[in-house]
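K.L.:
Any chance you could fold what I've pasted below:
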Amino acid sequence: MTDDLKNVIVFTLAGTRSAAELRWVREVISLGFVTSVPTAPPGIAGAFNLRGHVVPVLDIAALARTGHGAAPRQGDSALLVEIDGVSAALRVDKVEEVATLPAADATAVLDGRGRAVPLIDPAALVRQAIADANAVRGDDEDHHAVPTPRDPTTGARVRLAFDGDTTLG
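P.N.:
Predicted coordinates:
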């Protein structure tokens, strides 16, 4: 056991306790009306409007490749995380506590009773969701010699307008 302390939020999802470091979590929220996205990969469970911004709702179990969680519904709890300028909601069943806990190792913390609580990595989950979404869209950067601009909100490629002018001036 190491002597490191971690600031974490402990939550339950499908009857399993997990924790996430607070450095990634912006706030605990209740989901608004969640709209499913028909062509989205399994890790993206839907999207909802949070104060005028469309925020994806991520399925932690699907992104971690451990199954699928329950479909998110209005009123469900979620952790709003922000990674590399991308905001996303991680749906959880219940938030248990916010605490400073000793690290058991790099992958878990010890709760007040000495039980190991596995740490999830929100940054890895968000990056996995982005990679899965890009794969579904056939949007692989490696196939483009010159990167094309992206919409800062959605990450989708922006098609440059061609005005028909073939002169250089």
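K.L.:
Point me to the residue sitting closest to the centre of this structure.
P.N.:
Central residue of the chain (C-alpha atoms, centre = their mean): residue 126, 3.7 Å from the mean position.
K.L.:
Show the contacting residues for that residue.
P.N.:
58, 81, 83-84, 86, 88 (C-beta atoms under 8 Å, 6 or more residues apart in numbering). In this view, the C-beta of every residue, glycine as well, is placed from N, C-alpha and C.
K.L.:
do the same with residue 90
P.N.:
Contacts for residue 90 (C-beta under 8 Å, 6+ apart) come out as 20, 58, 60, 78-79, 81, 120, 122, 125.
K.L.:
Out of those residues, which comes closest to residue 45?
P.N.:
Distances from residue 45 to these, taken as C-beta to C-beta, are shortest for residue 58 (6.6 Å).
K.L.:
And the contacts of residue 126, which two are furthest apart?
P.N.:
Taking C-beta to C-beta, no two of the contacts of residue 126 sit farther apart than 58 and 84, at 14.4 Å.
K.L.:
How are the strands of the protein distributed by residue range?
P.N.:
With strands called from DSSP state E, the chain shows them at 5-13, 16-21, 25-30, 44-50, 53-58, 77-83, 86-92, 94-105, 108-110, 116-120.
K.L.:
Using CSV, lay out the contacts of residue 90 together with pLDDT, distance to residue 50 and neighbour count.
P.N.:
Formatted as CSV, the contacts of residue 90 follow (pLDDT from 0 to 100; distance: C-beta to C-beta, whole Å; neighbours: other C-beta atoms under 10 Å):
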residue, pLDDT, distance to residue 50, neighbour count
20, 95, 18, 23
58, 91, 14, 26
60, 85, 18, 25
78, 94, 9, 24
79, 95, 13, 24
81, 94, 12, 21
120, 92, 21, 21
122, 92, 16, 22
125, 89, 18, 23
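K.L.:
from these, which single one is nearest residue 109?
P.N.:
Relative to residue 109, the closest of the contacts of residue 90 is residue 20; by C-beta to C-beta it sits at 10.2 Å.
K.L.:
coming back round to it: so how far is residue 77 from the residue nearest to the centre of the chain?
P.N.:
When C-beta to C-beta, to the nearest Å is applied, the distance between residue 126 and residue 77 equals 18 Å.
K.L.:
and what of residue 14?
P.N.:
13 Å.
K.L.:
can you list residues touching both of the two?
P.N.:
Joint contacts of residue 14 and residue 77 (C-beta under 8 Å, 6+ apart) are residue 93.
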